[in-house]
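**Q** I'll drop the sequence and a predicted model, then ask my questions.
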Amino acid sequence: MKYTIAIVFAAILSVILAAPLDDKQTAQILRQSADVQPDGYKFDWETSDGQKHEEEGTLTNPGAENEAIVVRGSFSFTADDGQVYTVNYIADENGFQPQGAHLPIPLTN
């Protein structure tokens with residue numbers, strides 16, 4: 001069940017994070033791959049408008065009460081200002097942790 005939720009989460013996240021296309025432009029898929037195994041998954045894709053997304057999920061503590069999927073990945077896109085933005089992230093028992101040069105760094109006590 002957790003594995004299915006993670007796959008659905010990854011698919012939804014990919015759709016949400018995709019930059020919208022202008023009506024004047026049609027992006028083509030240049031590269032796409034996926035590998036789903038019982039203990040994890042990985043996928044990547046790239047489009048002609050510069051979008052890229054890579055992600056890998058690994059099942060930790062299989063069969064245990066604290067079984068979880070740890071997800072690592074990155075995505076990049078070209079914004080309206082012409083700049084390419086990249087976000088690297090980890091999602092684990094500590095939540096979703098994005099990092100990027102354009103993102104603010106959280107303050108710690």
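**A** Ah, there it is.
**Q** so what pLDDT did the residue lying closest to Val84 once chain neighbours are set aside get?
**A** Nearest residue to Val84, sequence neighbours excluded (C-beta to C-beta, 6 or more residues apart in numbering): Thr78, at 5.3 Å. Just so you know, the C-beta spots here come from the backbone N, C-alpha and C atoms, and that holds for glycine as well. You'll see Thr78 listed with a pLDDT of 89.
**Q** Tell me how far Thr78 lies from Pro98.
**A** 18 Å (C-beta to C-beta, to the nearest Å).
**Q** same deal with Phe43?
**A** 18 Å.
**Q** Can you show me the strands along this structure?
**A** For the chain, the strands defined by DSSP state E occupy 29-37, 40-47, 52-60, 68-78, 84-92, 95-99.
**Q** Tabulate the ones you listed (a markdown table), appending mean neighbour count and distance to Pro106.
**A** A markdown table is the format used below for the strands of the chain (neighbours: other C-beta atoms under 10 Å; distance: least, C-beta to C-beta, whole Å):
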| stretch | mean neighbour count | distance to Pro106 |
| --- | --- | --- |
| strand 29-37 | 11 | 32 |
| strand 40-47 | 18 | 28 |
| strand 52-60 | 18 | 22 |
| strand 68-78 | 18 | 19 |
| strand 84-92 | 15 | 14 |
| strand 95-99 | 11 | 10 |
